[in-house]
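Peer 1: show me how the following folds:
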Amino acid sequence: MTVPHMPPNETVPFPGLEALDLPKFVRYERGKVRDIIAGGDKLIITASDRVSAFDRVLDLVPAKGEILSRLSSFWFAHTQHIIENHMLREVTGRTVLVSRCEPLPVEVVIRGYLTGSAWRDYSAGKPVSGVRLPDGLRRNERLPEPILTPSTKAQLGEHDRPIAREELLDRELVPESVWRRVEEAAHELFRYGSAYAVERGLILVDTKYEFGMLDGKLILIDELHTPDSSRFWEADNYEELLEEGAQPQMLDKEYLRLWLMEHGFQGEGEAPPIPPDVIGELGNRYRRVFKRLTGEDFAPKHTSSEAERAAILSLLNEEAETTS
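Peer 2: Residues are numbered from 1 along each chain as shown. Take a look at the predicted model:
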């Protein structure tokens, strides 16, 4: 993993929590992008600057983790009327304290447009996660209605696997009553996010949602409507580019995925080194999404790895005192 050349006054990339002197009563886990400290009925989640694609961690994008964390906090606060979430409070720009719950073993993607892996399956004559779409649709075209496509959750280094609704219910991965609530909440979140985005000149193309159970209740977890978990396109020239057969203007991680595919990588074998200008452009797109959605220029709160660790250790001490 390389650290790209940094322009003046740029935030130093944060690779994650390393060599953190943790108390014995907590457990540390590292995901593809997030580092998790588990203790009692709460989790501390820190969003690193690691960037993943095709289920592989590939590089570092300066300030990316903070952008994702703050955008998720923004959306969690705006969608509590739809479904409760795991958010308790922000600790730093990139670290949050959340309720510990039991994650569902299946995540969902709501797709409003025919693009990405859905287009690749459709153009090959395959259903999209068990859903048969009408004939004659064009790449990047808006679907007649948004579709919900579930997938199983992969371990680090493995691939998520699409799964049809009927299969996940037959295998009893999720009780049917809970799954109906998942579908209802996911569609409502997507409608809300789409309407909010279009008012700000963006198209919410598709997005991933994750859910968990807390005290017998379904809640929203992980991240929400970020350029890592969602595709965003510029709205003003979408129709024109669609008619030309050109790619929409992407403000999300799809920019990196397409670059990787152009260089022969889709998750198998060794990934090509990612040039600094590609990393820099990806970071710029994330910042543009942040500003369009929040109305604020992104200014990092994160100062250093040492400050991040100090804030987390302080929180751990605070939590230990309140539970003792």
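Peer 1: and stretch 56-75, end to end?
Peer 2: Taking Cα to Cα, to the nearest Å, the span from the opening residue of stretch 56-75 to its closing residue is 26 Å.
Peer 1: pLDDT weak spots in the stretch 101-250 of the chain?
Peer 2: Under the criterion pLDDT under 70, the flagged ranges of the stretch 101-250 of the chain are 154-159.
Peer 1: how far off centre is stretch 90-106?
Peer 2: Put simply, stretch 90-106 sits 13 Å off its chain's centre (Cα atoms, centre = their mean, to the nearest Å).
Peer 1: now stretch 269-284
Peer 2: On Cα atoms, centre = their mean, the centre of stretch 269-284 falls 18 Å from the chain's centre.
Peer 1: end to end, how far does that stretch reach?
Peer 2: In terms of Cα to Cα, the two terminal residues of stretch 269-284 are separated by 28 Å.
Peer 1: what are the buried residues along that stretch?
Peer 2: Neighbour-count burial for stretch 269-284, with 16 or more other Cβ atoms under 10 Å as criterion, is recorded at Ala271, Ile274, Val278, Ile279, Gly280, Leu282, Gly283. Where C-beta positions appear, they are placed from N, C-alpha and C, glycine not excepted.
Peer 1: for the residue nearest the centre of the chain, which non-adjacent residue is spatially closest?
Peer 2: Geometric centre of the chain, nearest residue: Ser229, 2.7 Å, by Cα atoms, centre = their mean. Distance criterion Cβ to Cβ, 6 or more residues apart in numbering; nearest residue to Ser229, sequence neighbours excluded, is Lys208 at 4.5 Å.
Peer 1: can you tell me the element Ile147 falls in?
Peer 2: strand 142-152 (DSSP states H and E).
Peer 1: kindly provide the distance from the closest residue to Ser123 other than its chain neighbours to Ser305.
Peer 2: Nearest-residue entry for Ser123: Arg139, 7.4 Å, with adjacent residues in sequence omitted and distances by Cβ to Cβ, 6+ apart. Counting by Cβ to Cβ, to the nearest Å, the separation of Arg139 from Ser305 is 42 Å.
Peer 1: the inter-axis angle of the longest helix along the chain versus strand 142-152?
Peer 2: Of all segments of type helix in the chain, defined using DSSP state H, the longest is helix 176-198. On the basis of axes from the mean of the first three to the mean of the last three Cα atoms, to 10 degrees, helix 176-198 is oriented at 130 degrees to strand 142-152.
Peer 1: so which residues of the stretch 1-150 of the chain form helices?
Peer 2: Under the criterion DSSP state H, counting those that start in this stretch, the stretch 1-150 of the chain contains helices at 64-78, 116-123.
Peer 1: for Ile37, find the nearest of those helices.
Peer 2: helix 64-78 (14.6 Å; Cβ to Cβ).
Peer 1: partners of the strand ranked longest in the chain, with directions?
Peer 2: Among the segments of the chain that qualify as a strand by DSSP state E, the longest is strand 202-214. According to DSSP bridges, strand 202-214 forms sheet pairs with strand 102-103 (antiparallel), strand 106-113 (antiparallel), strand 217-221 (antiparallel), strand 230-234 (antiparallel).
Peer 1: what distance separates that strand from the centre of its chain?
Peer 2: The chain centroid and the centroid of strand 202-214 are separated by 8 Å under Cα atoms, centre = their mean.
Peer 1: just the C-alpha atoms of it, please, in PDB.
Peer 2: Extracted in PDB, the C-alpha atoms of strand 202-214 (Å, rounded to 0.1, in the frame of the first residue of the first chain):
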ATOM      1  CA  LEU A 202     -27.000  14.900  -8.000                       C
ATOM      2  CA  ILE A 203     -28.500  11.500  -9.000                       C
ATOM      3  CA  LEU A 204     -28.400   8.800  -6.300                       C
ATOM      4  CA  VAL A 205     -27.900   5.900  -8.800                       C
ATOM      5  CA  ASP A 206     -27.700   3.000  -6.400                       C
ATOM      6  CA  THR A 207     -26.700   2.400  -2.800                       C
ATOM      7  CA  LYS A 208     -25.900  -0.300  -0.300                       C
ATOM      8  CA  TYR A 209     -27.700  -0.600   3.100                       C
ATOM      9  CA  GLU A 210     -26.800  -2.800   6.000                       C
ATOM     10  CA  PHE A 211     -29.100  -3.600   8.900                       C
ATOM     11  CA  GLY A 212     -28.900  -5.200  12.300                       C
ATOM     12  CA  MET A 213     -31.100  -6.300  15.200                       C
ATOM     13  CA  LEU A 214     -31.000  -4.400  18.600                       C
END
